[in-house]
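**Student:** Fold the following, please.
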Amino acid sequence: MSTFAAAPPRVLTVAGSDSGGGAGIQADLKTMLALGVHGMSVITAVTAQNSLGVQGYWELPAEAVRAQYRSVVDDIGVQAVKTGMLASVELVETVSALLADAPAPVVVDPVGVSKHGDALLAAAAVTTLRERLLPVATLATPNLHEVTQLTGRTVTGEDGMLDAAKALRDLGPDWALIKGGHLEGEAADLLLGPDGEAHWYRAPRHDNRHTHGTGCTLASAIAARLALGDPVPLAVAHAKAYVTGAIAHGFALGSGIGPVDHFWQARGNA
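**Tutor:** Okay, here's the model as predicted:
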């Protein structure tokens, strides 16, 4: 008689496809596999992308996004959801409506631009993301450029991160994680919770330019850890450690910026 292993926790990513394999859906699924959960996907857009940048992107129809989501959630179920590139007003509205009654924690990575500075969110969609998507998020994970885009605040040092986190939480997410990767010094991130509790996460900064996919990877790692049962602060701690190792082992691809290494642990790296 055949015996079947129990299914691992399921995590759904709602994001764009990166044809170069370093970010987006591809990074999300690699991260989920590396951390022991079953990754599933709702593709919102397809990019033509490589180590030099994004040469173009094409949004999927809202109907296709809605159908992918319902197909997965209604049959397979989810223990966590992560969102990434949503591109347009219509897609942000569609995904926000779907997640309004999500049966699991929702991690929102408010993707605005790529690592190379290419716009991945229409300017008109920023307000929709702020007003519709952030209020349904369990956790939002903006970098400092996205903090400015969403709150109007410019953060130039760690002393401005707490006010930025408060401003982001005022937009609706239960938790706000302000990523300080663009600042000088240590890679310091600040998590602010619903009761005002603040958690700092620090890691050494590695001298490696191959960091494509860090934001997608961190958000997906947090979602994976939430699906495994971690409370939010612990999920962020585990995810921070994972992405720090992935950055340390990032490798060159093509002639531009290479990706982080999602399988650095499996390769036996310490």
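**Student:** quick one: the residue nearest to G22 when sequence neighbours are not counted from I247, how far?
**Tutor:** Distances taken as CB to CB, 6 or more residues apart in numbering put P259 closest to G22, at 3.2 Å, once the chain neighbours are dropped. To be clear about C-beta, it is placed using only N, CA and C from the backbone, and glycine gets the same treatment. In this structure, P259 and I247 are 10 Å apart, going by CB to CB, to the nearest Å.
**Student:** higher neighbour count, those two?
**Tutor:** P259 (28 against 25; other CB atoms under 10 Å).
**Student:** got a list of what that one touches?
**Tutor:** For P259, the contacting residues are 20-23, 27, 210, 212-213, 250-251, 253, by CB atoms under 8 Å, 6 or more residues apart in numbering.
**Student:** switch the cut-off to 7 Å
**Tutor:** Going by CB atoms under 7 Å, 6 or more residues apart in numbering, P259 touches 21-22, 210, 212-213, 250, 253.
**Student:** Tabulate the residues you listed (JSON lines), appending pLDDT, distance to H238 and neighbour count.
**Tutor:** Formatted as JSON lines, the contacts of P259 follow (pLDDT from 0 to 100; distance: CB to CB, whole Å; neighbours: other CB atoms under 10 Å):
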{"residue": "G21", "pLDDT": "97", "distance to H238": "24", "neighbour count": "18"}
{"residue": "G22", "pLDDT": "96", "distance to H238": "22", "neighbour count": "28"}
{"residue": "H210", "pLDDT": "94", "distance to H238": "22", "neighbour count": "20"}
{"residue": "H212", "pLDDT": "93", "distance to H238": "22", "neighbour count": "28"}
{"residue": "G213", "pLDDT": "94", "distance to H238": "18", "neighbour count": "31"}
{"residue": "G250", "pLDDT": "95", "distance to H238": "19", "neighbour count": "23"}
{"residue": "L253", "pLDDT": "95", "distance to H238": "26", "neighbour count": "16"}
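**Student:** ok, these vs A119, which is closest?
**Tutor:** H212 (16.6 Å; CB to CB).
**Student:** who's that closest one bridged to?
**Tutor:** P259 (DSSP bridges).
**Student:** Quick one, grab the pLDDT at S114.
**Tutor:** On pLDDT, S114 comes in at 68.
**Student:** residues near V37, how many?
**Tutor:** If you count neighbours by other CB under 10 Å, V37 ends up with 24.
**Student:** where does it fall, phi/psi-wise?
**Tutor:** With angles defined as degrees, to the nearest 10, V37 sits at phi -120, psi 160.
**Student:** and what of A45?
**Tutor:** According to degrees, to the nearest 10, A45 has phi -160, psi 160.
**Student:** and it, what does it touch?
**Tutor:** Contacts of A45 by CB under 7 Å, 6+ apart are 16, 57-60, 85, 87.
**Student:** mind redoing it with 8 Å?
**Tutor:** With contact taken as CB under 8 Å, 6+ apart, A45 is in contact with 16-17, 57-60, 85-87, 91.
**Student:** quick one: which of those residues is most hemmed in?
**Tutor:** Highest neighbour count within the contacts of A45, by other CB under 10 Å: L86, with 31 neighbours.
**Student:** CA atoms only for stretch 189-206, dumped as PDB, please.
**Tutor:** Provided in PDB are the C-alpha atoms of stretch 189-206 (Å, rounded to 0.1, in the frame of the first residue of the first chain):
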ATOM      1  CA  ASP A 189      15.800  47.100   9.400                       C
ATOM      2  CA  LEU A 190      13.100  48.200  11.800                       C
ATOM      3  CA  LEU A 191       9.800  46.400  12.500                       C
ATOM      4  CA  LEU A 192       7.000  48.200  14.200                       C
ATOM      5  CA  GLY A 193       4.000  46.300  15.600                       C
ATOM      6  CA  PRO A 194       0.400  47.000  16.400                       C
ATOM      7  CA  ASP A 195       1.100  47.800  20.000                       C
ATOM      8  CA  GLY A 196       3.900  50.100  19.200                       C
ATOM      9  CA  GLU A 197       6.700  47.500  19.900                       C
ATOM     10  CA  ALA A 198       9.800  48.100  17.900                       C
ATOM     11  CA  HIS A 199      12.300  45.400  16.800                       C
ATOM     12  CA  TRP A 200      15.700  46.200  15.200                       C
ATOM     13  CA  TYR A 201      17.400  43.600  13.000                       C
ATOM     14  CA  ARG A 202      21.000  44.200  12.100                       C
ATOM     15  CA  ALA A 203      23.400  42.300   9.900                       C
ATOM     16  CA  PRO A 204      26.900  43.000   8.500                       C
ATOM     17  CA  ARG A 205      26.900  44.600   5.100                       C
ATOM     18  CA  HIS A 206      28.600  42.300   2.500                       C
END
